[in-house]
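Visitor: The sequence isn't on hand, but the structure is:
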């Protein structure tokens with residue numbers, strides 16, 4: 001990727017696709033339509049309603065944490081996942097999907113246990129890991 005080439009990033013808030021110069025990905029880009037942060041260095045929430053638009057409209061790799069609020073290991077991994085999002089800011093987009101609230105997306109990815117991490121490139125699954133991981137292993141998985 002050339003530093004002057006634009007990278008397409010879909011806004012998780014309004015769905016607009018934004019072109020961000022690759023050299024500026026770590027500079028807190030905001031959506032041109034709604035003004036929300038595109039790469040805030042924290043996981044974004046995706047749902048059945050916005051999953052395809054965000055993942056399909058984002059050229060960066062996307063790592064999705066399928067989780068549920070009642071899941072102890074999911075809650076245990078949440079701070080590590082947030083830390084990894086900060087470490088990967090501008091290089092990988094980290095997202096969370098509540099598998100109870102978004103059953104169609106969870107079923108489409110055949111989620112059988114949580115937490116499950118799925119790495120997507122251009123919307124296609126390329127890697128998967130199940131179970132709670134520390135931040136360093138999440139970063140290694142995402143990279």
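Guide: Done, it's in. All values reported here derive from a predicted model rather than from experimental measurement.
Visitor: Identify the residue nearest residue 117 in space, chain neighbours excluded?
Guide: Closest residue in space to residue 117, ignoring its immediate chain neighbours: residue 129 at 4.8 Å, by C-beta to C-beta, 6 or more residues apart in numbering. C-beta: built from backbone N, CA, C; applies to glycine.
Visitor: element containing the one you found, please.
Guide: In the assignment (DSSP states H and E), residue 129 maps to strand 124-130.
Visitor: Distance from the chain centre to that strand, please.
Guide: The chain centre lies 12 Å from the centre of strand 124-130; the measure is C-alpha atoms, centre = their mean, to the nearest Å.
Visitor: coming back round to it: give the contact list for the residue nearest to residue 117.
Guide: Residue 129 makes contact with 116-117, 141, according to C-beta atoms under 8 Å, 6 or more residues apart in numbering.
Visitor: tell me the contacts of residue 47?
Guide: Residue 47 touches 97-98, 101-102, 105, counting by C-beta under 8 Å, 6+ apart.
Visitor: So what does residue 22 have for phi and psi?
Guide: In terms of degrees, to the nearest 10, the main-chain angles of residue 22 are phi -50, psi -40.
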